[in-house]
Structures are given as structure tokens and as C-alpha cells.
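Student: next comes the sequence, and after it the predicted model I'd like to discuss.
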Amino acid sequence: MPRRVLEEGGFYDRDPRDYGLRVAVIYPGPYEAAVNSLGHQIVYYLANSVPGVLAERFTLDSVGSVESGLNLREFNVIIASLHFEGQVHTLLSMLREAGIPLRREGRDTPVVVGGPVTANPLPLEGFADAVAVGDGEGTVQEILRILLEGGGVEDLGSVEGVYTPGGRARFRRSPLTYLPEGQIRARLPNGKQNPFLLELSRGCSHGCRFCLLGWTQRPRRDRPLGQLMSQVELAKELGFRKVYIIGSDVLGHPKALDILQRVIDEGLKLSLPSLRADMVTAEMAEVLRASGLRKVSLAPETGSPRLAAAINKRSVLEEILEASELLKAAGIRELKLYLMVGLPGEAKEDLSATAELARLVKSAGVRVELSVSQFVPKPHTPLQLAPMARPDAYRSGVRYLRARAGVRVKAVHPGRAALQGLVSLAPRGSSAAVLEAAEGPYRLSNYFRAFARWGLNPERILYGSRDAPWRDAVDTGVRDEALQAESERAEAGVTTPSCDEQCWGCGVCPLSPHP
Ligand code: SF4
């Protein structure tokens, strides 16, 4: 167990000698982040639900497995969840430090990876024997059963949603019937306890054109009210003090208000991701205040109506002002706005509109903070071919906002954004470069050098014209023509209605009207 944890509950306490297949479930990051990751915990519980399998967790700061301190080399299979591009580098460092060969050829221990980063499996081919694309429910158990029955890594490509090097996989979507019977509850030395993680829905109906999950995880799937209510009861029973709500558009759940109210009635605190401004009503603001929330986050991405249309976001100035008023009236006076700089076609007027948005919200009597990130094109989205802004252009956009918005501005480092871009947009043949870069530090210059040495042009991948080779490796169900049409609408600044208003036949849903 990492030294930074005083006490843990919810884990499996088993004797590793009794199990035929020992599975290491890795979160490539600190323990404190792992206990806040539902994806990581779902894999842990799914793996342990397979008869004959013992799964134990590993984090960057655990000495051996969290449960029993065993070395990674003592496990027969490694499964890792990759939520952010930087975790590829961390995972490779963890494997290397444990003495596991990074290259898959000749290695005895199969390495399976899953999570949002796998939407482009091409840079992972050098070390991953199998890449789970999409939801892990079903996939994890099927992979482990094959290995338990003596199958090899060459058999894993037959599992739905599994990509093996050189193959093609269809994105797997779960009906969200499964939820683990427990959750890891950790008491940390600073007196903090991790929250219970309550996933309301997966996917999103709104089709924001930059959003990876909006395009790979569509259509939106809501968990039923009964299941969610029992989860709130479970949180209480297990001794959690806070519930963190998970979902791309949590207030879009048809029973959102009832669920949040139930959390409060059970005496639990609430924590929420960013909300849609148009869903903040007076009643909702009151529930949020009653939950003890002092700050609410909204994600307009831009204050410019022109850019908002291009990325298929509602033009939200009035809605944000209205939401600010409602929140203020309920007693919530702090607002965080998530914004992007470097969107395709961005001009000074667009940044000026964003600064104006911040000023107007502040003048409504609310404390505002801007959290700025750089636009990074993501695979399988309508903006997958759009060039990224160069670091200087991004820096100058952030400087402009700092000078004009009149509020606190926190901004992501452009080097981090470029690294994210390089891994998420990496083409065929990039896996050797990623393995080589993992020998050095997680720095852009190191990755640029490694990519160049393997004959790839990182400048072109990030800032020039690129292809979309991940479309041949992963079938998300969204038709190429639909993606192309959306990309043209982005250029023309035309919005597309959400799936709740009108299905426009992207191809994912079986009853889509335009097959
Ligand atoms: S098929 Fe229609 S309803 Fe389904 S995700 Fe695509 S646009 Fe939305």
C-alpha cells in the first residue's frame, strides 16, 4: 500500500497462491488519482469477478501491489487504463522499473490496455498485445477467460472491442447494466477521504465537434433511476462522506434533480463536473447550494458565437449570465469557466468576445476564474484533421485573456498540449518512436527527436495536414461521410442539433434513419 494511505476499504483480501491467473490492474498515476478513477476500479472489480482470477492494483507510488506488495513480475497478465496521453509514458516507465520487457515480441506477460486514449491504438502497438477499444464491461472478462483456458495473446483479437496489432476493432458499447458491488474507500493522511464515484450516464447527445467522448461514446446512455438510488444507499453504507457525480452532461440525465436530492437527503456531500449553463434552473441552483457546493464549473469553451457554432456549442452568453444570476441568488458566488484557446480559425475578435464574457459574468457579482486549455484535435472527431495552434500563438492568446478578462486565468502549458496531440494523433509506425521516447523524460523535445529518428514528422502531425489512419484501425460506428459532413459544417459555422432534438443519422444507433 502506498505510504500516503492510512486505511483502505472495499478491496479483495485473498491469498494469491489460490488463483490460477494473477492479474495486475495498473493505474499509471498516483494512488490518490487511482481512487478517483471509476474506469480503473471497474476493471479491478470486473477482473476479480472472473472465477479463478485474482486481481491486484498497482499505482505509480505503490511499492508492489496495493493489496499484498507483490512485484509486478509475479503476475500473469497486466491490464492498464489510459485516461490521458501522458499515462502511456508513465505506464512504460512503471513496466521498465519492474523489469517487464516493453516490447511485446518475446515477452511472456500479456499487456492489455484500455481507456479513452485507445481510440487511436496505433502508437500503442509496440508494447500492447491487446487494446480494448470502448467500454471494458464484457471485454475484460472475455479476455481473462480466454487466458485462463490456456489461450494466447493471438486469440484475443476474436473478442469484440479488442484491437490487436495490424487488425481492426469495432468500438464496444456497454448497456450500463453492470456496476461493481463495492468501491475503494481510502483514508489519506491529510484527513481527506476519496469520494464515492456515481456515474449517471456515458456518452453525450450534443456532438461538440472537438470532444473525443462525444464521438466515440455516442449515443448517450443513462443509468436507470433505481440503480442510481441503490448506489447512493451503498455509498452511505460503505461510509463515504462525499459523492462525485460522473458523466459528460450530468444535468441532462432525466432524473438528475431526484438523484442529487437523494445524495443530500442521505447527508452526503456532492461534487460535480462542469455543468451546462442552460440546465441550471432556480430549483437546481437551490439543490446545489443545499449540497454545500461553493463553486460551480461551466464549460462554454469560447465566448465567441462564431466559434461556438463552429465547434457545435450553444452560444451561451445569455445562458451563462442567467445561470450566474440563479446561482448567486441561491448563494453560490464562485464560478469556474472552462475555455479553449487555439480553436481552428480563431481570431482576435473571438478572444475579445471570450474576455468580454468573463467581464460580464464578473460584473454580475460572481467571482470568476478562467481555466484555459489548448485545443487538441482528437481522433474520430469532426476536427480530427484540424491543425493545432503553434505554442507561440496559444501563449499570445492566453496573454490576451490575462490582460483583458479582468479575472484570474489559469492556463495549461502548451508543451503538454503538444505532447497530448502527438500521442493522440500518432500515425502508423509511431509505436517504435513512442517506445524510444519512453526511455527519456516526458518532454516535447524528447518526443520530437524520437519521432524524427523513426522517419515521422512531428511538426506535420501537429501543425500541418494529416491523415486519419486510426479510422482504419477502429470502427466507432460513425460513418466517414457523417464525420466529413460535420467537418464541413464546422468550417461553415453551422450547428447540428443534439440527438435529443433530432437524429441526423451518424450511423451509430441501430435505428438510425440514414444507414
Ligand atoms: S444515430 Fe442519431 S441518435 Fe444515434 S448517435 Fe447518431 S445522430 Fe445521435
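Tutor: Sure thing, it's come through. Numbering: from 1, shown residues only.
Student: distance of T109 relative to V423?
Tutor: Counting by C-beta to C-beta, to the nearest Å, the gap from T109 to V423 is 23 Å. Backbone N, C-alpha and C define where each C-beta goes, glycine included.
Student: cool, E67 as well?
Tutor: According to C-beta to C-beta, E67 stands 30 Å off from V423.
Student: just S324 next, same as before
Tutor: In terms of C-beta to C-beta, S324 sits 37 Å off from V423.
Student: one step back: of E67 and V423, which one has the most company?
Tutor: The neighbour comparison of E67 against V423 (other C-beta atoms under 10 Å) goes to V423, with 24 against 20.
Student: so the more buried one belongs to a helix, correct?
Tutor: Yes. According to DSSP: H, G, I helix; E, B strand; the rest coil, V423 belongs to a helix.
Student: would you confirm that it contacts L91?
Tutor: No. If you go by C-beta atoms under 8 Å, V423 and L91 don't touch, sitting 11.8 Å apart.
Student: OK, contacts around the closest residue to the ligand within the stretch 251-400 of the chain?
Tutor: Across the stretch 251-400 of the chain, the shortest distance to the ligand (C-beta to the nearest ligand atom) belongs to N312, at 12.0 Å. When contacts are counted by C-beta atoms under 8 Å, 6 or more residues apart in numbering, N312 is found next to 206-209, 486, 489-490, 495-496.
Student: what does F240 give?
Tutor: By C-beta under 8 Å, 6+ apart, the contact set of F240 is 183, 185, 193, 195-196, 268.
Student: so S297 is in contact with L339, correct?
Tutor: No. Contact criterion C-beta under 8 Å: S297 and L339 do not qualify, at 11.3 Å.
Student: how many other residues sit next to R416?
Tutor: Neighbour count for R416, taken as other C-beta under 10 Å: 17.
Student: how about it, secondary structure?
Tutor: Look at R416: counting by three-state DSSP, its state is helix.
Student: apart from its chain neighbours, what residue comes closest to it?
Tutor: G86 (7.5 Å; C-beta to C-beta, 6 or more residues apart in numbering).
Student: and whichever strand or helix holds E233, what's its mean pLDDT?
Tutor: Using DSSP states H and E, E233 sits in helix 225-237. Average pLDDT, helix 225-237: 96.
Student: buried stuff in that helix?
Tutor: Buried residues in helix 225-237, defined by neighbour count with 16 or more other C-beta atoms under 10 Å: 228-229, 231-232, 234-236.
Student: quick one: the helices in the stretch 201-350 of the chain?
Tutor: Per DSSP state H, counting those that start in this stretch, the stretch 201-350 of the chain carries helices over the ranges 212-216, 225-237, 256-265, 282-290, 305-310, 317-330, 348-363.
Student: pick the most buried one from those helices.
Tutor: Mean neighbours per residue, mean count of other C-beta atoms under 10 Å, is largest over the helices of the stretch 201-350 of the chain for helix 212-216, with a mean of 22.
Student: which residues sit in contact with the closest residue in space to E233 that isn't next to it in sequence?
Tutor: Spatial nearest neighbour of E233, excluding adjacent residues (C-beta to C-beta, 6+ apart): E266 at 7.4 Å. Residues near E266 by C-beta under 8 Å, 6+ apart: 232-233, 235-236.
Student: also A169?
Tutor: 121, 131, 133, 157, 161-163, 473-475.
Student: outside of stretch 52-59, which residues touch it?
Tutor: With contacts defined as C-beta under 8 Å, 6+ apart, stretch 52-59 is touched by 2, 11-12, 14, 16, 18-27, 29-31, 33-34, 40, 43-44, 47-48, 64-68, 70, 72, 75, 79, 94, 144, 148.
Student: just the buried subset of those residues, written out for PyMOL, thanks.
Tutor: To isolate the buried members of the contacts of stretch 52-59 in PyMOL, using 16+ other C-beta under 10 Å:
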select buried, resi 2+11+19+21+22+23+24+25+26+27+29+30+31+33+34+40+43+44+47+48+65+66+67+70+72+75+79+94+144+148
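Student: nearest to the ligand, out of the contacts of N312: which one, please.
Tutor: Checking the contacts of N312 against the ligand by C-beta to the nearest ligand atom gives G207 as the nearest, at 7.3 Å.
Student: in contact with C506, which residues?
Tutor: Neighbours of C506 in contact, by C-beta under 8 Å, 6+ apart: 207, 218, 477-479, 482, 512.
Student: could I get the full set of strands for the stretch 51-200 of the chain?
Tutor: All strands of the stretch 51-200 of the chain, identified by DSSP state E, counting those that start in this stretch, fall at 53-59, 77-81, 111-114, 130-132, 162-163, 169-170, 185-187, 196-199.
Student: tabulate the CA atom coordinates of the last one in CSV.
Tutor: The C-alpha coordinates for strand 196-199 follow below in CSV (Å, rounded to 0.1, in the frame of the first residue of the first chain):
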residue,chain,number,x,y,z
PHE,A,196,-17.9,7.6,-4.0
LEU,A,197,-18.0,7.7,-7.7
LEU,A,198,-21.5,7.8,-9.2
GLU,A,199,-21.7,7.5,-13.0
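Student: what lines up beside it in the sheet?
Tutor: Using DSSP bridges, the strands paired with strand 196-199 in its sheet are strand 242-246 (parallel).
Student: now the fifth one
Tutor: Strand pairing for strand 162-163, determined by DSSP bridges: strand 130-132 (antiparallel).
Student: closest to K255 among the contacts of N312?
Tutor: Checking these against K255 by C-beta to C-beta gives H206 as the nearest, at 18.8 Å.
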